[in-house]
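**Q** Quick one, structure for this:
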Amino acid sequence: MSAPASTPPATAEGDLLAPDAGTKPPGPTPSQSRFQVDLVAEAAGVAGEKSPNSDTCTVPSSDKASTGGLTETDYGPGGEEAKGRFRVVNFADPSGATSPEGDGGQNGDTVMSETSLHSSTGGQHHYHYDTHTNTYYLRTFGHNTIDAVPNIDFYRQTAAPLGEKLIRPTLSELHDELDKEPFEDGFANGDELTPAEEAAAKEAAESKGVVKFGWVKGVLVRCMLNIWGVMLFIRMSWIVGQAGIVLSCVIVGMATVVTTITGLSTSAIATNGFVRGGGAYYLISRSLGPEFGGSIGLIFAFANAVAVAMYVVGFAETVVELLAGADVIMTDQMNDIRIIGTITVILLLGISLAGMEWEAKAQIFLLVVLITAIVNYFIGSFISVKAKEPSGFFGYDGSIMWENMGPDFRGETFFSVFAIFFPAATGILAGANISGDLSDPQLAIPRGTLLAILITGIVYLGVAVSTGSCIVRDASGNINDTVSSLFMSNCTDAACKFGFDFSSCKNSEEGCRFGLQNDFQVMSLVSGFGPIISAGIFSATLSSALASLVSAPKVFQALCKDNIYPGLEMFAKGYGKNNEPLRGYILTFGIALAFILIAELNVIAPIISNFFLASYALINFSVFHASLANSPGWRPSFKYYNMWVSLAGAVLCCVVMFVINWWAALLTNVIVLGLYIYVSHKKPDVNWGSSTQALTYHQALTHTLHLSGVEDHVKNFRPQCLVMTGYPNSRPALLDLVQSFTKNFGLMICGHVRTGYRRPNFKDIATEQARYQRWLLKNETKGFYTSVFAEDMRQGAQYLLQAAGLGRLRPNTLVLGFKNDWRDGDMMNVETYISMIHDAFDFQYGAVILRLQEGLDVSHIQGQDELLSSQEKSSGTKDVIVSIDTSKDSDADSSKPSSKATSLQNSPAIAKDDEDDGKAPTQPLLRKDKRSPTLPLNVADQRLLDSSQMFQKKQGKGTVDVWWLFDDGGLTLLIPYLLTNKKRWKDCKIRVFIGGKINRIDHDRRAMATLLSKFRIDFSDITVLGDINVKPKKESVTAFEEMVEPYRLKEDDMEQEAAERLKNSEPWRITDNELELYRAKSNRQIRLNELLKEHSSTANLIVMSLPLARKGAVSSALYMAWLEVLSKDLPPILLVRGNHQSVLTFYS
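**A** Below you'll find the predicted structure:
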């Protein structure tokens, strides 16, 4: 058969799948397609026309294909890579000679795909080669196509126990052009295997001849043995004595209702897909996610381990009582319990280690003993013996039944008696806990569990009614306590009818020794043969101990396999054909032995009961949660459940926890919550499609739709930023600053425009989308990554401005990095850059530009990629983000207009594209180039790297200077306010600078102070600048003129027609008229830069009103020159312009 799907081919060097692999080696070479199949001649004439090198061959028969009888051959370079994924078929020449060399178009070899090796119908597929289009087809029900028919093997997660996973043809393989190479490595539909699933696949492959149980042996027997505990024989009669027949039946009924609801919920979850080993842990974790599953799995495994000790001590106590009755005591009572308990648990461990088969045989034997004991009791209850009458047993009688109908609580209450009984009803998960050892868990768990609850419930009710109908509450055991005829009229008890009066012992201080209220061994008295009841007690305790001893390691093993808690991996290893968790058995044995040696289990018992109840509550809640989330994946084949009944069951379980023992319930909740918080914080790298995810989506969708129906209000305005970062890790400073004022407050979308001359690989864009989104999450950046493909930057930006976001969760502010290198490259890039700002205003967006003197783009720095993505690599995810390689794009991305150090002419990507002859390379977008040595950074790059991380540090005491020169609706003021509310910026004070007239400075300052106080924005200082309109220094003006000189049109020096032609071809050029018209505005920008250097040269951040340029009137070169001269040689500066709609209000 084909190699396992999880083995990827080693195609890194490009020998196998390179578009142009150069000269082909002699002999057949592996083809690019994984859907090539055997060659079949269309007709005899076609075969005659073919060259000898491409002779036809016979179709291998189905049985040969299915037994893997295909010959593997070595193909020299690249041949080993082929074996990783494909089974290569070597075709013999009909004449008996092997083809000496392959033809370039038609190689004699073909690669049998996994699809073609498995026929879902069991019949033989016919294969056909189309000589005209040079394509291979698989004939599916007479139609030439590689489109596959539905098959269960396409839907498997792993090479699971039930069969092997096949890979259906991808959409690319069916849809893409034939000259393209659509065949990508990896799994269809993103079904990558987690380490746990890979281990499961490996186990499945090795586990031939495994022992699997049906629903009777695997579930019914185990559940019945676990539910019928010691309570049945030594406490049930006492409960009837205390609560009476009616309330005893109510107690049994209440307990059965809780367990039945839980059984129905367990059945629903167990039938919603394939169930692996792990029992309650597996069911809860796959439904509610690893947080709940991990916390409950640990305490459930621990509870089972301690339950072993509880049951063994119960057994040892019974044995010691019997020995004491025969005057056989080894040391003293406590130590005898410890000795017998230790010997017992060692024997049970031996049975468990012998394997599940032996353990199952032991369980069957114990069940036979237990059923014999129960039958023995019922037979005995019908045999009335005179000798037993003084002890209170008179046989079935209406007067006894009527007397015992009501309660007679002595030092107890209804709830305290219920608390004593309820643990007897637990044990319903005994079958589910060994789900991995069941042949068909989906059938076995519902049928076995529910039938066990029904049978045990009937038996408990039968025992309650039976004991209450034939045994009186009090008896002395004295044969002389008879009623004389003289006092017959004063005797009102039911025993008087049979000639006994037990009033003497009732009234004495010692009390009566026999009867329902006083003698725990009443069932031994009633039974036909007393010792069989003792054997039943032994059977009940040992079977429960054995079931718990098996359950605990199985659940713990499943928990460790999922690697929820670090350091527990060693317990995940299994041994033998059944994958037995031997290490888990030893650990469980150790825990049980420790608690046996304590021998005081009255304290631990209620905690264990609460641990089990917490598991039941979560199983019920899982069903409610999954139904509430309304996920299409929630389709249990077991239909007899109801989400509200399950919720009621969860609430009942919680109530019962507090009824049994309030402090134990509190302790259980604290432990579960603690473990939940730990697992949530650790964020295990698993994705099980839990109902938590489904409900999160459901709520997000509901709230987004609800939000869309509400009009925006100024009080609820939030800056929702579209940040043109390119790749998110290429401009860390821009990302960090915007994150500082949007985190937990507003929306941030990282926009990326991919441009190029050739058609994009849209599948790669989708892959990158997921990869970079994961990078943002790993770096705890609260934002989204969105990329688009466009012909140029401006078109891509327009796409994002129009389409980014959803409903009310849409950007309202465009954030750009300043284009530091605008004078170095093509000025059309500047035209595009300025046009993006104009487009933002056209779409009613605000605009924000960040300038750092060192620049923003660090993508060209070697090694920076590893630093930025250390979290992604350490997480162990499959696609690791490493260095940026722009070879996917032929020329540009959204980083180019504001890039400082990369240009198209110098980019190695262009040369590479030429070599590749315009075909898309198959390497991943982000890869590490191991051949290039790490070079020391130059001074400029080192400064750039340092500045790129400046907003990641705490800012310390400093200032954020707000130059609020023009009223844009308040965004210029709102952003610094939000910044200074954050932890990193909270020590910075806001200083406000406004323009004004020299003779009105005090008035303007007071007016601004009033406005800021009404806005409730704290500030440390307000400065009114009266000298904004003073002429700038002569040298500053000269420097500006020199800067714009190369970009002037100089239309006065040429003919009008030539000037117009030049302006049309180079629209960014500055006309003489325009320069003169806007000279005052140019001088203002130069003067503002001088004032900024004077007042704010030490600020941590400057936030300043962005100057506006009228569209169509101011050329892009002049506007860019304004921005350049305004912001040069300053600390980090944020140029902000809102959309002139109010974002601040002083109304409540």
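
**Q** what's the offset of the helix or strand that T318 is a member of from the middle of its chain?
**A** T318 belongs to helix 290-325 when assigned by DSSP states H and E. From the chain centre to the centre of helix 290-325 is a distance of 33 Å (CA atoms, centre = their mean, to the nearest Å).

**Q** Could you do stretch 837-850 as well?
**A** On CA atoms, centre = their mean, the centre of stretch 837-850 falls 38 Å from that of its chain.

**Q** cool, stretch 386-397 as well?
**A** That offset, for stretch 386-397, works out to 64 Å (CA atoms, centre = their mean).

**Q** then it to PDB, C-alphas only?
**A** C-alpha atoms of stretch 386-397 as PDB (Å, rounded to 0.1, in the frame of the first residue of the first chain):
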ATOM      1  CA  LYS A 386     -38.600 -19.200  64.000                       C
ATOM      2  CA  ALA A 387     -35.000 -18.900  65.200                       C
ATOM      3  CA  LYS A 388     -34.700 -15.600  63.300                       C
ATOM      4  CA  GLU A 389     -37.800 -14.000  64.800                       C
ATOM      5  CA  PRO A 390     -36.200 -12.600  68.000                       C
ATOM      6  CA  SER A 391     -33.800 -10.700  65.700                       C
ATOM      7  CA  GLY A 392     -36.700  -9.000  64.000                       C
ATOM      8  CA  PHE A 393     -37.200 -11.100  60.900                       C
ATOM      9  CA  PHE A 394     -40.800 -12.400  60.600                       C
ATOM     10  CA  GLY A 395     -41.300 -12.800  56.900                       C
ATOM     11  CA  TYR A 396     -43.500 -10.600  54.600                       C
ATOM     12  CA  ASP A 397     -46.400  -9.000  56.500                       C
END
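
**Q** what helices or strands is the helix holding T318 leaning on?
**A** Applying 3 or more CB pairs under 8 Å, 6 or more residues apart in numbering; DSSP states H and E, we find helix 290-325 packed against helix 279-288, helix 333-353, helix 530-561, helix 582-598, helix 604-629, helix 662-682. In short, each C-beta sits where N, CA and C put it, glycine included.

**Q** most tightly surrounded among those?
**A** Counting by mean count of other CB atoms under 10 Å, helix 279-288 has the highest mean neighbour count of the helices and strands packed on helix 290-325, with a mean of 27.

**Q** Give me the contact list for that one.
**A** Identification of contacts with helix 279-288 by CB atoms under 8 Å, 6 or more residues apart in numbering yields 266, 269-270, 273, 275-276, 278, 292-294, 296-297, 300-301, 429, 432-435, 551, 554-555, 558-559, 562, 564, 615, 618-619, 621-623, 625-626, 688-692.

**Q** Give me the angle between it and helix 662-682.
**A** Interaxial angle, helix 279-288 versus helix 662-682 (axes from the mean of the first three to the mean of the last three CA atoms, to 10 degrees): 50 degrees.

**Q** so helix 279-288 versus helix 604-629, what angle?
**A** Using the same axes, to 10 degrees, helix 279-288 lies at 30 degrees relative to helix 604-629.

**Q** Could you give the separation of helix 279-288 from the chain centroid?
**A** Taking the mean of its C-alpha atoms, helix 279-288 sits 13 Å from the chain's own mean (CA atoms, centre = their mean).

**Q** May I have it exported as PDB, CA atoms only?
**A** Taking Å, rounded to 0.1, in the frame of the first residue of the first chain, the C-alpha atoms of helix 279-288 are listed here in PDB:
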ATOM      1  CA  GLY A 279     -13.500   7.800  29.300                       C
ATOM      2  CA  ALA A 280     -14.900  10.800  31.100                       C
ATOM      3  CA  TYR A 281     -11.800  12.800  30.400                       C
ATOM      4  CA  TYR A 282     -12.000  12.100  26.600                       C
ATOM      5  CA  LEU A 283     -15.700  12.900  26.500                       C
ATOM      6  CA  ILE A 284     -15.400  16.200  28.400                       C
ATOM      7  CA  SER A 285     -12.200  17.400  26.800                       C
ATOM      8  CA  ARG A 286     -13.400  16.800  23.300                       C
ATOM      9  CA  SER A 287     -16.700  18.600  24.100                       C
ATOM     10  CA  LEU A 288     -15.800  21.500  26.300                       C
END
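
**Q** Next, the angle from it to helix 290-325.
**A** 160 degrees.

**Q** any idea of the mean pLDDT for helix 279-288?
**A** Taken as a whole, helix 279-288 has an average pLDDT of 82.

**Q** Also stretch 239-246?
**A** On average, stretch 239-246 scores 90.
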